[in-house]
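Chemist: I would like to see how this sequence folds:
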Amino acid sequence: MCMATKNLAIREGVYRKLAEEKQQGESFSDVIERVLEKRRSLLPLWGALAESKNIAQIQGDLAKIRKRAKVRA
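Modeler: Okay, here's the model as predicted:
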């Protein structure tokens, strides 16, 4: 099965970043698709701060911010 392709012009620095991100057996299309899919989901961030030493401080700061927030009707 033949897939349609497009040619893209990218800067050398962007190419290097993509090449660094590229895994064994991946095409550049695979890399771009994987990176774009990561950006769409917050799931990988779920629980990221659970082990943080600063979690109590963060939670306290958030509570203060929420108390000061005005509810718009």
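Chemist: does anything pack onto the worst-scoring helix or strand of the chain on mean pLDDT? Which helices or strands?
Modeler: Within the chain, no helix or strand scores below helix 28-40, which has a mean of 84 by mean pLDDT, DSSP states H and E. In this structure, helix 28-40 packs against helix 12-21, with contacts taken as 3 or more Cβ pairs under 8 Å, 6 or more residues apart in numbering; DSSP states H and E. (Each C-beta comes from the backbone N, C-alpha and C, glycine too.)
Chemist: next, the angle from the helix it packs on to helix 28-40.
Modeler: Put simply, helix 12-21 runs at 90 degrees to helix 28-40, going by axes from the mean of the first three to the mean of the last three Cα atoms, to 10 degrees.
Chemist: now helix 12-21: average pLDDT?
Modeler: Mean pLDDT, helix 12-21: 91.
Chemist: and for stretch 59-70?
Modeler: pLDDT averaged over stretch 59-70 gives 86.
Chemist: about what we covered before: buried stuff in the least confident helix or strand of the chain?
Modeler: Across helix 28-40, burial judged by 16 or more other Cβ atoms under 10 Å covers Val31.
Chemist: so Ala4 is in which element?
Modeler: Following DSSP states H and E, there is no helix or strand that holds Ala4.
Chemist: could you report the distance from it to Ser29?
Modeler: 11 Å (Cβ to Cβ, to the nearest Å).
Chemist: now Ile10. Nearest residue, chain neighbours left out?
Modeler: Leu18 (7.6 Å; Cβ to Cβ, 6 or more residues apart in numbering).
Chemist: how deep is the one you found tucked in, by neighbour count?
Modeler: As a burial measure, Leu18 scores 14 neighbours (other Cβ atoms under 10 Å).
Chemist: surely it meets Ser29?
Modeler: No - counting by Cβ atoms under 8 Å, Leu18 does not reach Ser29; the two are 10.3 Å apart.
Chemist: quick check, distance from stretch 25-44 to the centre of its chain.
Modeler: Centre-to-centre, stretch 25-44 and its host chain are 9 Å apart (Cα atoms, centre = their mean, to the nearest Å).
Chemist: what does that stretch contact?
Modeler: The contact list for stretch 25-44 (Cβ atoms under 8 Å, 6 or more residues apart in numbering) reads 18, 21-23.
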